[in-house]
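heads up, no residue letters with this:
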C-alpha cells in the first residue's frame, strides 16, 4: 500500500505553517513526516513547527530543504529526502510537503512519477492556501490597479507579473483551496472571492473558507487524488518551458539586530518598510530585552502578527534575525538602514 503525501502550496504569508501545526495537533495518531522548503536564508518555518511543542512531532520528522526552491532542486534535494523517509524502519503514515511560497507545484508533482518513489508514495492531494485579506486587496499582483487599467484599455494586452503567474500555477494544480484568514472578512467579501476563485479553478475543486487553517484533518489528508496520474489536467504557465521559472524575479536577505526594547515601535518600522519599499514578506525572531521568551514576527505586506512563541534555551544564543523577501530590485541598503536605525532604542 502506498504512503499518501499531501503537497501544501500557497503564496507568501498565506498560513501554510499554521495549517501544518493544525494538522500535527489533530493528527489522530498518524505518524506525519514534514518536508519544508523555504525561500530565503533563515529557516523560520522549521523553527515555528519545532518551537510549538506538539506531542508526537519529533525533530527527525521535520526535514528542511533550504538549498533552493523545491521545484528547481527536485533531483538534488527532494528525491533523496523521500528515499530516506521510505527506507526508515518505521516509515511515516503520511508525508506533508510545504513548498516555498514562490514554488511552482507541477515539477514537484511530476517527481512522484520517478521510479524510485512511484511504487511507494502517491500524492493524496495538493492544497493551495490563500491569504483571504491579501487576495481581497490584490496583493498577489504587483500594482494590480495599473494592470487592470491596461487590460480595460486593450483587451488583447496581458501584463501578468511573476507573482500572478506563481499564484495562478498554484491554483491550477490544487485539489482544494483554503481561503484562509476568512474571519477577517465579511460574508459578502468571502462570497465574492469564492466566486472569483472558482472561475480560475479546475471543475470540482472546492474553495473552503478557514481561519488558522482549521479545516477537518480527515478531509485535508483524505482527498485520495492520485495526483501524479492526473498531471495533464493541471495546466501551468510554464508548460512550454520545461516547468522552469526564473527565481531571479525574487530575492531575499537577512538582517541581524541587537536586543529590541519596544516591540510596538519595531512593528511600526517594519510596516513602514513593507509599504515604502514594496516588501512582500518579513519574518524572523527577535530578542526582546528583559523577556525570557523568543519573539516571533511574521508579516505579509503591511499586515503583521507577532507573539512570544517559546522560551529561549539555556544554552541558546539570543539573537534578532529577520528575513526580507521581495521582487528583484529590493533596496537592501536602505531597508537595512531603516530597520537597524531602531537599534537598542526600539
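Thanks, I have the structure now. Just so you know, these numbers come straight off a predicted model, no measurement behind them. Numbering: from 1, shown residues only.

shaky segments in the protein?
Scanning the chain for pLDDT under 70 picks out 12, 38-77, 140-162, 238-250, 343-346.

burial of the closest residue to residue 105 other than its chain neighbours, as a residue count?
Nearest residue to residue 105, sequence neighbours excluded (Cβ to Cβ, 6 or more residues apart in numbering): residue 173, at 4.1 Å. All C-beta spots, glycine's among them, are computed from the backbone N, C-alpha and C. Per other Cβ atoms under 10 Å, the neighbour tally for residue 173 reads 25.

ok, residue 173 to residue 213 distance?
As judged by Cβ to Cβ, to the nearest Å, residue 173 and residue 213 stand 18 Å apart.

And the next helix or strand past the helix or strand where residue 304 lies?
If you go by DSSP states H and E, residue 304 is part of strand 303-311. Downstream of strand 303-311, the next assigned helix or strand under DSSP H and E is strand 320-327.

In three-state terms, how would residue 295 be classified?
At residue 295 the chain is in strand, as set by DSSP: H, G, I helix; E, B strand; the rest coil.

show me the contacts for the nearest residue to it once chain neighbours are set aside.
Excluding the flanking residues, the one nearest residue 295 by Cβ to Cβ, 6+ apart is residue 286, at 4.1 Å. Taking Cβ atoms under 8 Å, 6 or more residues apart in numbering, we find residue 286 in contact with 257, 260, 263, 266, 294-297, 320, 322.

out of these, which one sits closest to residue 28?
Closest approach between the contacts of residue 286 and residue 28, by Cβ to Cβ: residue 296, at 27.0 Å.

Could you check how many residues crowd around the closest residue to the closest one other than its chain neighbours?
The shortest distance from residue 296 to any non-neighbouring residue, by Cβ to Cβ, 6+ apart, is to residue 309 (4.3 Å). The tally of other residues near residue 309 (other Cβ under 10 Å) stands at 15.

For residue 297, give me its contacts.
Applying Cβ under 8 Å, 6+ apart, the residues near residue 297 are 266-267, 270, 282-286, 304-306, 322.

in stretch 217-230, what counts as buried?
Across stretch 217-230, burial judged by 16 or more other Cβ atoms under 10 Å covers 217, 220-221, 223, 225, 227-228.

longest single helix anywhere in this protein?
In the chain, assigned by DSSP state H, the helix with the most residues is helix 263-276.

Could you list every helix and strand in contact with that helix?
strand 281-286, strand 293-300, strand 303-311, helix 332-340 (3 or more Cβ pairs under 8 Å, 6 or more residues apart in numbering; DSSP states H and E).

and that helix, how far from the chain's centre?
22 Å (Cα atoms, centre = their mean, to the nearest Å).
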